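> turn this into a structure:
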Amino acid sequence: MHYISTNKQAAPALLQHAVLKGLAEDGGLYMPASIPALPASFFEQLHQLSLQEIAFTVASAFLHEDVPSHVLRPLVEEVLNFDIPLVEVEKDIYSLELFHGPTMAFKDVGARFMSRLMAYFTQDKSDNLKVIVATSGDTGSAVAAGFHQVPGIQVYILFPKGKVSPLQQKQLTTWGDNITAMEVEGTFDDCQRLAKQALADNELNREHLLTSANSINIARLIPQSFYYFYAFGQLQQQGKPVVFSVPSGNFGNLTGGLLAAAMGLPVHRFIAATNANDVVPKYLETGIYSPRSSVQTISNAMDVGSPSNFARMKALYNGEQEQFRQHITGYTFTDEETRKAIREVYLQYGYLLDPHGAVAYSGAKRFLSESSTPAIGVFLETAHPAKFKEVMEETLGEAIAIPARLQEFAGKQEHNVPLKNSFDELKAILSEA
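Numbering: from 1, shown residues only. So this is what the prediction gives:
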């Protein structure tokens, strides 16, 4: 299968090139030249299939020409060696818990898949692969965990100073070895801009093998479709339409769902649930897409003012707002509305929402209350609440338990490189052997 740039100015690429370059030569994001339709028999037996079986089938539809089955099957089984439970929070509203992986965030699925795919594609290369990732919190830690001590790969994590939670920062900065964390004086959008500049720099690309580990990389996007099929399969025998509410920042997670729908998954509706960084809900409302500087909120992983994956959404819908609106509803919620959801759900149902899941829950709740069609709402709970301990305890007025897996990071020594909001400074670091 070939992959084409959303900017349509670069030549079509094979999967290995798309994965190892991350960004197309014209600055666009790679998309499949055509999206495969899965057979009716797959959907008929979906409720009987394991997560690993579903993932292998979906991944094979895209990768079978490039990655042999005897490599892909164990790769998928290793990546998805943890549960992704669907938990009923209240009548007709379910939480899809994506935080049971190594770093307790949904990014584990895509990052682990991508790291193993990159290792497969670089196994015969003599040059080190330099992986650049911008993070607003959880992407960096998942990438670090996925790539830590992988031979032949160096990882550079760019995170915004003072804009990730203390525990998230520990998860970014305590790895060492082949992981370098860089604390940028700026926002996530600045980190993302610097990463894209590096990937597009001709001199750097002549001297080094560079790629991205953000959701701009197609190897992150494909696995983010797996769990939509899995959740739908667990609900399809209830006979009601299924709505997915996705906490959205850079929109990679939502785009993974849209990819699943394009492959045939009969999703009734997607909810783009955002915090104050609401450029996509505004677009759905007005037809005007107007990126702007991000603002800081308590759901920090969604603090993105210029979401990269909007380009992929445009490609899926040919840039037509009406097609967007046929599939996606956008809602935005304030920090106070987010805190209110956390408190109310905890008091009424004993379920602990993290700030991002609270935004998604609020989106599902609002859509179901406004819809004339009875439906089931699934919201994506993307990170363990303990990763946002300070916000959670301030909101609830009581202490919350920290899982042992997260406590392990608390006593570790941080190692980070201060970085001005300067591409020249970043380029100098990346140019080092």
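> strand partners (parallel or antiparallel) of the lengthiest strand in the chain?
Ranked by residue count and defined by DSSP state E, the top strand of the chain is strand 153-160. Paired neighbours of strand 153-160 in the sheet (DSSP bridges): strand 129-134 (parallel), strand 179-184 (parallel).
> so for the first one, what gets flagged as buried?
Right, the one you point to is strand 129-134. 129-134 (16 or more other C-beta atoms under 10 Å). Every C-beta, even on glycine, is put in place using the N, C-alpha and C of the backbone.
> same thing with stretch 67-84?
Going by neighbour count (16+ other C-beta under 10 Å), the buried part of stretch 67-84 is 67, 72-73, 75-76, 79-80, 82, 84.
> distance between it and the chain's centre?
Chain-centre distance of stretch 67-84: 19 Å, with C-alpha atoms, centre = their mean, to the nearest Å.
> what do you get for stretch 250-262?
Distance, centroid of stretch 250-262 to centroid of chain: 9 Å (C-alpha atoms, centre = their mean).
> so where do the strands sit in the stretch 151-300 of the chain?
153-160, 179-184, 209-212, 242-247, 269-274 (DSSP state E, counting those that start in this stretch).
> wait, which of those strands is closest to T173?
strand 179-184 (4.3 Å; C-beta to C-beta).
> contacts for the closest one next, please.
Outside strand 179-184, the residues within contact range by C-beta atoms under 8 Å, 6 or more residues apart in numbering are 140, 144, 147-148, 154-161, 172-173, 175, 190-191, 194, 414-421, 426, 429.
> about what we covered before: which residues are contacting the longest strand of the chain?
For strand 153-160, the external contacting residues (C-beta under 8 Å, 6+ apart) are 115, 118-119, 122, 128-137, 140, 143-144, 147, 169, 172, 178-184, 186-188, 190-191, 194-195, 213, 419, 426, 429-430.
> centre of the chain to stretch 43-53, how far?
23 Å.
> show me which residues of that stretch are buried.
Judged by neighbour count (16+ other C-beta under 10 Å), stretch 43-53 contains these buried residues: 43, 46, 49, 51-53.
> now the helices for the stretch 101-250 of the chain?
In the stretch 101-250 of the chain, the helices defined using DSSP state H, counting those that start in this stretch lie at 107-121, 138-147, 166-173, 188-200, 202-207, 218-221, 226-235.
> helix 107-121 and the second one, what's the angle between them?
With axes from the mean of the first three to the mean of the last three C-alpha atoms, to 10 degrees applied, the angle from helix 138-147 to helix 107-121 works out at 40 degrees.
> just checking, what packs against helix 138-147?
helix 107-121, strand 129-134, strand 153-160, helix 166-173, strand 179-184 (3 or more C-beta pairs under 8 Å, 6 or more residues apart in numbering; DSSP states H and E).
> in a markdown table, list the ones you listed along with distance to A341 and mean pLDDT.
Output for the helices and strands packed on helix 138-147, formatted as a markdown table (distance: least, C-beta to C-beta, whole Å; pLDDT from 0 to 100):
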| stretch | distance to A341 | mean pLDDT |
| --- | --- | --- |
| helix 107-121 | 22 | 89 |
| strand 129-134 | 28 | 88 |
| strand 153-160 | 25 | 90 |
| helix 166-173 | 21 | 86 |
| strand 179-184 | 31 | 92 |
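> nearest to I271, out of those?
Across the helices and strands packed on helix 138-147, I271 has its closest neighbour in helix 107-121 (20.1 Å, C-beta to C-beta).
> check which helices and strands that closest one sits against.
Helix 107-121 packs on helix 15-21, helix 69-79, helix 138-147, strand 153-160, helix 218-221, going by 3+ C-beta pairs under 8 Å, 6+ apart.
> report the angle between the fourth one and helix 166-173.
In this structure, strand 153-160 runs at an angle of 150 degrees to helix 166-173, with the same axes, to 10 degrees as the basis.
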